[in-house]
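J.: This is a predicted model, with the sequence first.
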Amino acid sequence: MVKRARGAGGENPAIWVGYGKLAKLFRTKKELTQQELADAVGYSGEQVASIEQGRRPAKAAFTEAAERVLGAGGVLAELQEDVDRAKLPKFFQDFASIEAEAVSRFDYDPLLVPGLLQTEGYTRSLFLSHHPPLDGETVDLHTEARLNRQRLVTKMPIVQLSFIVGEAALTNPIGSGEVMREQLQHLQHLLEVGGLRNVELQVVPSNAGYHPGLNGSFVLLETLEHRHYGYIETQEVGVVISDPAKVSALGLRYGKLRSQALDVEESARLIERLAGAT
């Protein structure tokens, strides 16, 4: 669980506060003022102050520049992944920690394009539609964090990824028509990129009838230590499943879904048709 700490601007993640203290320590050792560091890394003095006080998370670009200017020896870079993870919704952070160690990840969603395949516009539209409404800063943080997780798609060593989506996920307009068209084109691009041979995308057609995915979305994951987990999320409640029997049952359902979904080539053709019709 990501611990929270009381920061200057309210309740902030402890990792942001810890990162900020280390950044300040390295800066003072270099005998630099906040403004001098800000000028060296291309940030404003207020932004540097916010990072040092744990009120704002450091982005990867800041960390890279600060490592170079402050000679931090990789200390700040080592914390960046945890800083990014703390931008995620609280209920998802436990699973995100497990996901970072994945060697395989199987995802089923009947209604939405999976987060690892979403464009920025699609992701932002989802968070902007949240009820009760999220403030602008939270929308920005959650959007950035989800996009950062997409590094899993091209991570080395390669992670085996399987996505099964319902046809409704491809036809339900999220945000403007332009955003949805962008998302469909992005999915098609993923299918065509030969370098992403670790990704399989299948679609369950709307006329498939009864299938074991009608009870809702779920994720199956295997870690580097070959531990198997399931994850179920609904209405901002996320549950990590580690019981072997329950994980096995999800695995059987996923296998059945794979057999009932269109194969990869058929799914690609369907997506291409839908993209052309938007």
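T.: That came through fine. Just so we're clear, the structure is a prediction, and the values are computed from it rather than from any experiment. Numbering: from 1, shown residues only.

J.: So for V2, what's the pLDDT?
T.: Per-residue confidence at V2 stands at 43 (pLDDT).

J.: helix, strand or coil for the residue lying farthest from the centre of the chain?
T.: Checked against the mean C-alpha position of the chain, the extreme residue using C-alpha atoms, centre = their mean is E31, at a distance of 37.2 Å. The three-state assignment at E31 reads coil, by DSSP: H, G, I helix; E, B strand; the rest coil.

J.: So that it lines up with my notes, have the first residue be 26 from now on.
T.: I'll keep to 26 as the first residue from here, and by that count the last item is E56.

J.: distance of it from L62?
T.: Plainly put, E56 is 11 Å away from L62 if you go by C-beta to C-beta, to the nearest Å. In this view, the C-beta of every residue, glycine as well, is placed from N, C-alpha and C.

J.: R298 now?
T.: Distance of R298 to L62, given as C-beta to C-beta: 53 Å.

J.: Check A48 too.
T.: Distance from A48 to L62, by C-beta to C-beta: 8 Å.

J.: pLDDT value on R298, please?
T.: As predicted, R298 sits at a pLDDT of 86.

J.: So it belongs to a helix, correct?
T.: Yes: membership of R298 in a helix is supported by three-state DSSP.

J.: Tally up the residues packed near it, please.
T.: R298 has 10 neighbours, counted by other C-beta atoms under 10 Å.

J.: so who does it touch?
T.: Applying C-beta atoms under 8 Å, 6 or more residues apart in numbering to R298 gives no contacts.

J.: Check the one 3 residues further on too.
T.: Under the criterion of C-beta under 8 Å, 6+ apart, the contact list for G301 is empty.

J.: Output the helix or strand encompassing it in PDB, but only the C-alpha positions, please.
T.: Here G301 sits within helix 289-302, counting by DSSP states H and E. Backbone C-alpha positions of helix 289-302 (Å, rounded to 0.1, in the frame of the first residue of the first chain) are rendered in PDB as follows:
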ATOM      1  CA  VAL A 289      -6.400 -11.900 -34.100                       C
ATOM      2  CA  GLU A 290      -6.700 -11.500 -37.900                       C
ATOM      3  CA  GLU A 291     -10.500 -11.300 -37.800                       C
ATOM      4  CA  SER A 292     -10.400  -8.800 -34.900                       C
ATOM      5  CA  ALA A 293      -8.000  -6.600 -36.900                       C
ATOM      6  CA  ARG A 294     -10.300  -6.700 -39.900                       C
ATOM      7  CA  LEU A 295     -13.300  -5.700 -37.700                       C
ATOM      8  CA  ILE A 296     -11.300  -2.800 -36.100                       C
ATOM      9  CA  GLU A 297     -10.300  -1.600 -39.600                       C
ATOM     10  CA  ARG A 298     -13.900  -1.600 -40.700                       C
ATOM     11  CA  LEU A 299     -15.100   0.300 -37.600                       C
ATOM     12  CA  ALA A 300     -12.300   2.800 -38.000                       C
ATOM     13  CA  GLY A 301     -13.300   3.400 -41.600                       C
ATOM     14  CA  ALA A 302     -16.900   3.900 -40.700                       C
END
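
J.: any idea how far it is from the chain center?
T.: Counting by C-alpha atoms, centre = their mean, to the nearest Å, helix 289-302 is centred 25 Å from the centre of its parent chain.

J.: Would you indicate which residues of that helix are buried?
T.: By neighbour count on 16 or more other C-beta atoms under 10 Å, the buried set for helix 289-302 is S292, A293, L295, I296, E297, L299, A300.

J.: burial count for L282?
T.: Residues lying near L282 (other C-beta under 10 Å) number 22.

J.: Look up how far L177 lies from E207.
T.: Distance, E207 to L177, using C-beta to C-beta: 21 Å.

J.: Without its sequence neighbours, what residue ends up closest to A97?
T.: Spatial nearest neighbour of A97, chain neighbours left out: F51 (5.0 Å); criterion: C-beta to C-beta, 6 or more residues apart in numbering.

J.: now do G255
T.: For G255, the closest residue by C-beta to C-beta, 6+ apart turns out to be I266, at 3.6 Å.

J.: And for G99?
T.: Nearest non-adjacent residue to G99, counting by C-beta to C-beta, 6+ apart: E92, 6.8 Å away.

J.: Fine, thanks again, bye for now.
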